[in-house]
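K.L.:
predicted coordinates and the sequence they were generated for:
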Amino acid sequence: MTTITIRLTMAQALLRFLDQQYISVDGQETKFVHGVMGIFGHGNVTGIGEALERSAGDLIYIQGKNEQGMVHAAAAFAKQHNRNKIFACTTSIGPGALNMITAAATATVNRIPVLLLPGDNFASRQPDPVLQQLEVQGDYTISANDPFKSVSKYWDRIVRPEQLMTAAVQAMRVLTDPAETGAVTLALPQDVQAEAYDYPEAFFEKKVHYIDRRPAAPQAVERAAELVAGKKRPLLVAGGGVLYASAAAELTKFAEAFGIPVAETQAGKSALPWDHPLNVGGIGVTGTLAANVLAKQADLIIGVGTRYSDFTTASKSAFANPDVQFLNLNISAFDSAKLNGAAITGDAREALKALHDALSERGYESGYASGEVAGLKEQWDREVDRLYSAECDAGLAQTRALGVVNRTIDPSSVVVCAAGSLPGDLHRLWRAAEPKTYHMEYGFSCMGYEVSGAFGAALAEPNREVYALVGDGSYLLLHSELVTSLQEGRKMTVVLFNNHGFQCIHNLQRGHGSDGFGNEFRYREAATGKLTGSYMPIDFAAHAASLGLKAYKAETAEELEAVLQQAKGETLSTLIEVAVVPGTNSDGYESWWQVGVPEVSASGKVLSAHEEMKKRIQAAKSF
């Protein structure tokens with residue numbers, strides 16, 4: 001039997017293959033690879049660049065402005081689509097490739113699929129060393145793409161065009177596996193991209209990847225039910241896996257059936273509406289008083305789709321009950337084994353259903369006192385109201401500004417954030433009414449994700465308003481994809497909280513003995529030689545306007561509400577610069593975070609902070 005072949009370059013074959021990848025979830029089939037984001041240079045412009053120009057099929061091409069930014073945008077697009085649609089990202093060799101590494105790590109830490117296609121050195125080694133080539137004298141096989149190994153869930157280098165057939169299949173395996181997904185890197189030597197091969201036609205047939213819901217093992221469910229049945233004060237912790245598995249409805253049914261309160265991680269927030277009687281809000285370092293009080297008293301933590309970061313566990317201090325145990329429902333065995341917990345490894349929705357049935361057969365109900373959860377929730381709701389109305393003689397408090405944004409934008413709008421003091425305020429205070437409206441990258445808390453992520457979310461949600469909530473520090477770090485949002489006609493609104501620097505870390509250092517050093521945007525004083533002069537008067541609105549955005553400023557709550565209303569009517573991306581008073585964020589609420597405090601210092605304040613840290617560490621649990 002004669003095999004029908006098609007002669008294509010490796011780059012052309014790669015695009016034709018990607019264009020035929022589909023995903024099926026619960027019987028709904030969708031195209032998996034939406035397109036390619038890229039910045040061209042030597043190493044990809046005459047390979048993948050030519051293929052995108054001449055033979056991209058139905059894949060769209062989006063021109064990135066910063067390699068890290070475009071990968072953040074691709075990750076946000078996939079996150080907003082519950083990991084069921086992706087973009088690939090292509091770059092030149094050397095610095096262009098290396099610029100993607102931070103964003104690759106961000107995707108992998110958050111279990112978000114992105115496909116990275118960096119250009120690589122010549123496989124032939126004849127133009128050697130080529131421009132931008134990294135030479136490792138002790139191992140000449142290493143290039144600037146090898147560092148991707150540490151941040152990728154799958155990595156390969158295609159040094160012959162026929163190797164693509166194996167590598168592409170393996171790449172799709174990882175990208176479409178909810179338990180294994182993350183960044184996938186295929187390093188593409190620039191000469192090999194342009195080399196031709198007679199590929200079998202079957203390689204380009206439509207491929208549907210079925211994401212079958214993995215059922216929980218009956219024995220694991222029985223063990224879990226026995227564990228829960230012996231507990232009176234269980235607490236559900238909803239992680240991002242709840243949303244990715246579309247399990248919000250099943251989580252709600254489970255909580256209501258057995259009277260179990262629900263706390264949320266950053267990734268899991270919006271799984272339940274904020275005003276649900278059993279939603280006690282964020283947990284851990286950035287958690288609410290209601291959730292953290294219940295966590296300290298809980299005799300069982302039921303983690304659903306969470307990776308248990310130190311912010312969720314408050315550096316393992318959140319769960320103070322000496323009899324506390326953990327039950328982990330997770331698609332990933334790596335995560336379900338954490339904290340030495342009992343594990344149900346499987347799809348979150350299916351695991352909740354199975355455990356619901358097993359507990360119903362036992363007639364289980366929690367042992368919370370009548371009105372206990374409601375009382376804590378009511379107390380917290382009053383605290384949010386207070387912070388949302390906080391007055392500050394020096395200007396607009398950050399918590400009040402957030403309150404204005406929360407009540408002014410439409411409940412269906414998507415808010416995107418990642419780093420600084422805003423994630424703490426948002427996790428504690430933001431009132432999310434609908435699923436998938438709270439888009440927080442807090443697995444890596446990567447400064448610079450906010451603007452790029454909002455662009456990716458806007459690509460994914462063209463019928464919703466998307467808001468990037470960002471501090472001035474993160475904005476300065478990375479805002480390039482604002483231009484791409486204008487180019488693509490995808491409106492986003494950036495609400496920039498100008499507090500003159502990296503105030504989150506400024507607060508952290510002062511809370512551990514420092515007088516404050518190197519974190520505010522101040523001029524250097526000639527007399528002292530230190531960065532302690534006046535604040536730098538940066539005009540962020542003028543900067544945004546120079547890029548072509550609509551731009552506004554607000555210094556009061558009333559002005560902020562007015563410009564938010566105006567921004568709703570804009571048809572292109574908009575920036576609102578909001579002046580907020582440094583240090584007016586929320587903090588505390590039975591939480592703690594372990595950081596390294598010097599054991600030796602010339603400062604008595606630092607030494608006192610070290611002793612306090614030692615006491616906290618001794619009191620925390622070890623797992």
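P.N.:
Arrived safely.
K.L.:
which residue is nearest the middle of this protein?
P.N.:
Centrality entry for the chain: nearest residue to the mean C-alpha point is Glu441, 2.4 Å, by Cα atoms, centre = their mean.
K.L.:
ok, the closest residue to that residue other than its chain neighbours - how many residues close by?
P.N.:
Of all residues not flanking Glu441 in the chain, Ala418 sits nearest, at 4.2 Å (Cβ to Cβ, 6 or more residues apart in numbering). Bear in mind the C-beta positions are built from the backbone N, C-alpha and C, glycine included. Applying other Cβ atoms under 10 Å, we find 30 residues neighbouring Ala418.
K.L.:
quick check: Ala418 vs Leu352, distance?
P.N.:
Between Ala418 and Leu352 the computed distance is 29 Å (Cβ to Cβ, to the nearest Å).
K.L.:
can you check Val169 too?
P.N.:
In terms of Cβ to Cβ, Val169 sits 33 Å off from Leu352.
K.L.:
same question, Gln21
P.N.:
The gap separating Gln21 from Leu352 is 30 Å, by Cβ to Cβ.
K.L.:
who has more neighbours out of these two?
P.N.:
The residue with more neighbours, out of Gln21 and Leu352 and counting by other Cβ under 10 Å, is Leu352; that gives 28 against 20.
K.L.:
for the helix or strand harbouring that one, which helices and strands make contact with it?
P.N.:
Secondary structure from DSSP states H and E places Leu352 in helix 348-361. Counting contacts by 3 or more Cβ pairs under 8 Å, 6 or more residues apart in numbering; DSSP states H and E, helix 348-361 is packed against helix 218-229, helix 240-244, helix 248-258, strand 300-304, strand 325-330, strand 342-345.
K.L.:
let's see 7 Å
P.N.:
helix 218-229, helix 248-258, strand 325-330 (3 or more Cβ pairs under 7 Å, 6 or more residues apart in numbering; DSSP states H and E).
K.L.:
angle of it against strand 325-330?
P.N.:
130 degrees (axes from the mean of the first three to the mean of the last three Cα atoms, to 10 degrees).
K.L.:
who's in contact with helix 348-361?
P.N.:
With contact meaning Cβ atoms under 7 Å, 6 or more residues apart in numbering, helix 348-361 is reached by 213, 215-216, 221-222, 224-225, 228, 241-242, 245-247, 250-251, 253-254, 257-258, 304-305, 329, 331, 344.
K.L.:
stretch 87-102 now?
P.N.:
Here stretch 87-102 has contacts from 18, 33-44, 48, 66-68, 70-71, 74, 77, 114-121, 132-134, 144-145, 147-148, 151, 190, 446, using Cβ under 7 Å, 6+ apart.
K.L.:
next up, phi/psi of Gln163, please.
P.N.:
Backbone geometry at Gln163, expressed as degrees, to the nearest 10, gives phi -70, psi -20.
K.L.:
and what of Gln21?
P.N.:
The phi and psi values for Gln21, taken as degrees, to the nearest 10, are phi -90, psi 130.
K.L.:
once you drop chain neighbours, what's closest to it?
P.N.:
What sits nearest to Gln21 in space, not counting adjacent residues and going by Cβ to Cβ, 6+ apart, is Phe32, at 4.4 Å.
K.L.:
for Leu116, same thing?
P.N.:
Using Cβ to Cβ, 6+ apart, the closest residue to Leu116 is Thr185 (4.5 Å).
K.L.:
what about that neighbour, which helix or strand?
P.N.:
Here Thr185 is assigned to strand 183-189, by DSSP H and E.
K.L.:
so what pLDDT did the nearest residue in space to Lys530 that is not next to it in sequence get?
P.N.:
In this structure, Lys530 finds its nearest non-sequential neighbour in Arg524, 6.8 Å apart by Cβ to Cβ, 6+ apart. pLDDT for Arg524: 96.
K.L.:
in a strand, Arg524, correct?
P.N.:
No: read with DSSP: H, G, I helix; E, B strand; the rest coil, Arg524 is coil and lies in no strand.
K.L.:
next, it: phi, psi?
P.N.:
Dihedral pair for Arg524: phi -80, psi 130, per degrees, to the nearest 10.
K.L.:
what is the burial count for it?
P.N.:
Neighbourhood size, Arg524 [other Cβ under 10 Å]: 10.
K.L.:
ok, it - contacts?
P.N.:
Per Cβ under 7 Å, 6+ apart, neighbours of Arg524: Lys530, Leu531, Gly533.
K.L.:
in helices only, show me the contacts of stretch 87-102.
P.N.:
Taking DSSP state H as the definition of helices, the contacts of stretch 87-102 contribute Leu18, Ile48, Glu67, Gln68, Met70, Val71, Ala74, Phe77, Gln190.
K.L.:
among those residues, give me the pair with the biggest separation.
P.N.:
Greatest spacing in the ones in helices among the contacts of stretch 87-102, by Cβ to Cβ: Phe77 and Gln190 (26.9 Å).
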